[in-house]
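Novice: pasting the sequence and the predicted coordinates here, then a few questions.
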Amino acid sequence: MTFIKQIYDLLEGRRLFMACCIACGLIFAAANLIPPLLIRKLIQWLTEAKPAGDLIEISLLLLGIYLLRGVSRYGYGFFSHVTAYRVMHALMTRVYKHLQNLSHSFFNRQRTGNLMARSINDIEAIEDFIAHGIPETALATVIPISMVAVLFYLNPELALIAILPIPLTAFLVYRYVSKVRTMWHAVRERLSELAALVQDNMSGIAVIKSFARERECARQVTHRSATFHDRLIKANTVSLLPAGIIEATGGLGIVLVIWSGGNMALNDSISVADLFVFIVYMGHIYQPFLQLASFNDVLQRAAASTERVFQLLAIRPEITDAPGVTVPKIITYDIDIDALTFGYDPNTPVLHDIDLYIGEGDILALVGPTGAGKSTLANLLPRFYDPQQGAIRIGGYDLRDLPLSFVRQNIASVLQDVFLFHGTVYENLVFGHPDATEHTVREAAQAANAHAFIRDLPKGYDTVVGERGVRLSGGEKQRLSIARALLKDAPILILDEATSSVDVETEALIQEALYRLTQNRTTLVIAHRLSTVRRSPTIAVLDEGRVVETGNHRSLIDRGGLYARMVRAQDLTRNGKILSRIATREPQVAD
């Protein structure tokens, strides 16, 4: 798709406004043509002994034309900017909605800063072109053609001499413009990389400070900024060449007119009044080209940005609704994982031939060493990814045969890495249930043992938690996440390391709350701390992507397999910590 076609598509629904902008521009251009012609008439009265006309009439005409120029100039700017702002709004919304629909695998391959640059910086470059580039291009075409036509009417011979530099100008400008777009595309890429690095560093500022890596990180940003700076200067250097070329060749055109036209006037081949019009028009003929050259960098930035934005919009989601899927009229919420094999890279599976079943309202605890695939399995339940083999069924329906929105509305999750939005506690709690009453919100907070600490915050439920909940402790964020999931009141609950960030006392309170609240919910519990799943009726042990054991706590201990070894290892670790604390408090007795 060409740049012009892309811009034309973006103007859909706003083309009338852009047409009004161009119409105002044409009126403005026409108003530029008339004043020199009226003054020409006045010069003829003064120099050619022609009957004098009405000076008041000419003066009033000039006044009316300049008023028209003012109004048309305002309309030209108003319509162009309103059109550009509407396109920017529509495109930002379109890009954001598109990004929301893309699959998790896409975001795993991208950097947030790069996506931010495409979503904001590139769209602003397109807005700048629509607001200024399109109308200036129209004027730069219409004004010179109109003025050249008038000059040919007045004196074809001198008009030919006047436009001699134009082909040379066009050739030189085209020669440089054709290579600038690639340079500006590289500039936009470097800007995206710089924005991504700064975004990463700002998100990880606490880690940078804790490792005293400020100097090294600043050096990385300086290096990326220098690369962007060098590419920017190089692109700008070439982009500015057309303006200098047009300035020089435009001056050459005026010199040719003065030299040739002066000789013609001395030989009575042209009148002084007509020569005046030539000189005035020559100043205007090249001015639009000069403005267009000045907008060359705007054009090239917009072309590069448009290409990047449309490349993003061309990416298709990997996880979509199958044609014709509908919400079942009756469904149970049992989960059947059948012969499931999955890998983020299809050629490297991380889950192998998984067979698990969770009855409606039952609890299944999934345990195993780090990297066994527990969280990966949790990500498959809301259909963030599709398995390469096998299936996950809810109520007997393959997830791929159900609407995505239905699946995700009926699953609540508490993840390892708790994400809270920069808003109030209350806004974060009702995120999954915007219509919840204040009473319901407080009940959910109490059930997650969060109400007490929320009440002690400076503004209670109206306290702003900061970006990613930075003003709260890990345990507080975890409890808010649990309350948010409980408030959603979905029939399926995923607790992925739900108590990993809390102390022993808080863990006991949360376990008690979860024991009550998981009743009548189909629940998948994932944990490293095995003490949190001992009361689960069914425990599945995952190792290297395979289910190696299933049973309850007692039966797995008696079997003496991986689960029993993990329990013993954690018990030894916990006892070692207790002994260590005792040793630090009590003096050691020498043998």
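Specialist: That came through, no problem.

Novice: so L356 touches L542, yeah?
Specialist: No: assessed by C-beta atoms under 8 Å, L356 is found out of contact with L542, at 9.5 Å. Bear in mind the C-beta positions are built from the backbone N, C-alpha and C, glycine included.

Novice: now for these two: what residues contact both?
Specialist: Common neighbours of L356 and L542 are not found (criterion: C-beta atoms under 8 Å, 6 or more residues apart in numbering).

Novice: neighbour count: these two, which is higher?
Specialist: Comparing L356 with L542 by other C-beta atoms under 10 Å, the one with more neighbours is L542, at 24 against 19.

Novice: before we move on, what SS does that one have?
Specialist: With DSSP: H, G, I helix; E, B strand; the rest coil as the basis, L542 sits in strand.

Novice: in space, what's closest to it - neighbours in sequence excluded?
Specialist: Nearest non-adjacent residue to L542, counting by C-beta to C-beta, 6 or more residues apart in numbering: G368, 3.7 Å away.

Novice: tell me how far that neighbour lies from V418.
Specialist: 22 Å (C-beta to C-beta, to the nearest Å).

Novice: hey, where'd the strands end up in the stretch 301-450 of the chain?
Specialist: Along the stretch 301-450 of the chain, counting by DSSP state E, counting those that start in this stretch, strands occupy 335-342, 351-358, 363-367, 389-394, 397-398, 411-414.

Novice: okay, those strands in CSV with mean pLDDT and distance to P323 next?
Specialist: What follows is these, written out as CSV (pLDDT from 0 to 100; distance: least, C-beta to C-beta, whole Å):
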stretch, mean pLDDT, distance to P323
strand 335-342, 94, 23
strand 351-358, 94, 28
strand 363-367, 91, 32
strand 389-394, 94, 18
strand 397-398, 93, 14
strand 411-414, 86, 23
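
Novice: can I get these in TSV including distance to D268?
Specialist: Shown next, in TSV, are these (distance: least, C-beta to C-beta, whole Å):
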stretch	distance to D268
strand 335-342	92
strand 351-358	96
strand 363-367	102
strand 389-394	95
strand 397-398	94
strand 411-414	92
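
Novice: hmm, back to that, can you report how many residues lie near the residue nearest to L542?
Specialist: G368: 25 surrounding residues under other C-beta under 10 Å.

Novice: got the contact list for it?
Specialist: K374, V541, L542, D543, L562.

Novice: what residues sit buried inside the helix or strand containing I233?
Specialist: Assessed by DSSP states H and E, I233 sits inside helix 214-239. Buried positions in helix 214-239, judged by neighbour count with 16 or more other C-beta atoms under 10 Å: C217, R224, F228, R231, L232, A235, V238, S239.

Novice: show the average pLDDT along the helix or strand just after it.
Specialist: Using DSSP H and E, the helix or strand that follows helix 214-239 in sequence is helix 241-266. For helix 241-266, mean pLDDT rounds to 82.

Novice: check the offset of the helix or strand hosting R554 from the chain's centre.
Specialist: For R554, the enclosing helix or strand under DSSP H and E is helix 553-559. Here the centre of helix 553-559 is set off from its chain's centre by 50 Å, with C-alpha atoms, centre = their mean, to the nearest Å.

Novice: what mean pLDDT does it have?
Specialist: For helix 553-559, mean pLDDT is 90.

Novice: domain parsing for the chain?
Specialist: Following automatic domain parsing, the chain resolves into domains at 3-313, 324-410+519-591, 413-489.

Novice: what's the offset of the second one from the middle of its chain?
Specialist: This means domain 324-410+519-591. 34 Å.

Novice: pLDDT at S580, what is it?
Specialist: 44.

Novice: repeat for Q300
Specialist: 77.

Novice: what's around it, how many residues?
Specialist: 26.

Novice: that one in helix, strand or coil?
Specialist: Under three-state DSSP, Q300 falls in the helix class.

Novice: S105 and P537: what is the separation?
Specialist: From S105 to P537 the distance is 34 Å (C-beta to C-beta).

Novice: can you check V367 too?
Specialist: Counting by C-beta to C-beta, the gap from V367 to P537 is 14 Å.

Novice: do the same with D336
Specialist: D336 is 17 Å from P537, by C-beta to C-beta.

Novice: rewinding a little: of V367 and P537, who's got more company?
Specialist: More crowded of V367 and P537, by other C-beta under 10 Å: V367, with 26 against 12.

Novice: who does A412 form a beta bridge with?
Specialist: L493 (DSSP bridges).
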